[in-house]
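*Asks:* can't give you the sequence, but here's the structure:
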């Protein structure tokens, strides 16, 4: 059990007590899990040991990068996107939103959606999903 806890970067007690007060956890930049994502895009999980009620990602879209060729859905959670640099186009069903650096949006993950970098340079975004749709 100790080796499992170490591999998951959790305290041994956390494996048994889901309702107890969890200790603060640090996730170092070098340890962020990279997740395959879209086209010309990189996604890193920012929340160590994903809580049951939310997950946070840092997403970078290269020039021409996107979440994929088609709109997609997953679960029925709230999604929040904060554009940190560049600009992206969010296709949300039949609506289209141009989001510039500093802009944010909230929508349901059950609505077909797609994000495309429309900048001449990379665009980055903070992306929150609550609850996670693993």
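*Replies:* Done, it's in. Keep in mind it's a predicted model, so treat the numbers as computed, not measured.

*Asks:* helices or strands up against the longest strand seen in the chain?
*Replies:* Counting by DSSP state E, the longest strand found in the chain is strand 55-66. Using 3 or more Cβ pairs under 8 Å, 6 or more residues apart in numbering; DSSP states H and E, the elements in contact with strand 55-66 are strand 39-45, strand 113-117, strand 123-130. C-betas here are computed from N, CA, C, even on glycine.

*Asks:* go through these and name the closest to residue 70.
*Replies:* strand 113-117 (6.8 Å; Cβ to Cβ).

*Asks:* after the lowest-mean-pLDDT helix or strand in the chain, which helix or strand is next?
*Replies:* Using mean pLDDT, DSSP states H and E, helix 2-8 stands out as the lowest-scoring helix or strand of the chain, at a mean of 61. Downstream of helix 2-8, the next assigned helix or strand under DSSP states H and E is strand 34-35.

*Asks:* tell me how far that next one lies from the chain's centre.
*Replies:* Centroid separation for strand 34-35 versus its chain: 10 Å, with Cα atoms, centre = their mean, to the nearest Å.

*Asks:* excluding its backbone neighbours, what's nearest the residue nearest in space to the middle of the chain?
*Replies:* For the chain, the residue nearest the mean C-alpha position is residue 57 (3.0 Å; Cα atoms, centre = their mean). Of all residues not flanking residue 57 in the chain, residue 127 sits nearest, at 4.4 Å (Cβ to Cβ, 6 or more residues apart in numbering).

*Asks:* likewise for residue 84?
*Replies:* residue 124 (4.5 Å).

*Asks:* how many residues are close by that neighbour?
*Replies:* Look at residue 124: counted by other Cβ atoms under 10 Å, it has 17 neighbours.

*Asks:* so residue 92 touches residue 110, yeah?
*Replies:* No - if you go by Cβ atoms under 8 Å, residue 92 and residue 110 don't touch, sitting 11.3 Å apart.
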